[in-house]
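Q: sequence and predicted structure are below.
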Amino acid sequence: MAWRGGSAGARGTGRARGMASVVHRAKQFWKHPAGPKTIHFWAPTFKWGISFANIADFSSPVEKISAPQQCAVTATGLIWTRFSTQIKPVNYNLMSVNFFMACTGLYQLYRVASHSKLKDTADA
């Protein structure tokens, strides 16, 4: 339907409000103290690579998993998840990446412990 001028009607107003809301939220995100113009956004964003690498290692042999490394990943994840809730402004990107780091580290440690237990029972 072609635009004929005059009042936009209920449907047009809703779209305009929706678009204004998207633009407003985008500006808020851009200007946020932990937004993309700051290191507080980019550091946790690139830290997701550690979690993705850990997920990729789920299919690797357990013998290749380093327990000390996974302890460090888990501890870092737990400590920084807590810290990210205490800083102002709360950095939800930092909190989520560290939570997932802790989860993937715990899963890898579980795999190592299960493998070790099975190996010990097989040797006995």
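A: That came through fine.
Q: what is the subsequent helix or strand relative to the helix or strand harbouring His24?
A: Taking DSSP states H and E as the criterion, the element that holds His24 is helix 9-31. Toward the C-terminus, helix 9-31 is succeeded by helix 39-56 as the next helix or strand (DSSP H and E).
Q: check which helices and strands the following helix or strand past that next one sits against.
A: Per DSSP H and E, the first helix or strand lying C-terminal to helix 39-56 is helix 67-86. For helix 67-86, the elements it packs on are helix 92-123, judged by 3 or more CB pairs under 8 Å, 6 or more residues apart in numbering; DSSP states H and E. Yep, even glycine has a C-beta here, placed from its N, CA and C like the rest.
Q: looking only at pLDDT, what's the mean for the helix it packs on?
A: Averaging pLDDT along helix 92-123 yields 92.
Q: which secondary structure elements does that helix sit against?
A: Applying 3+ CB pairs under 8 Å, 6+ apart, one finds that helix 92-123 contacts helix 39-56, helix 67-86.
Q: tell me the mean pLDDT for the first one?
A: In other words, helix 39-56. The model assigns helix 39-56 a mean pLDDT of 88.
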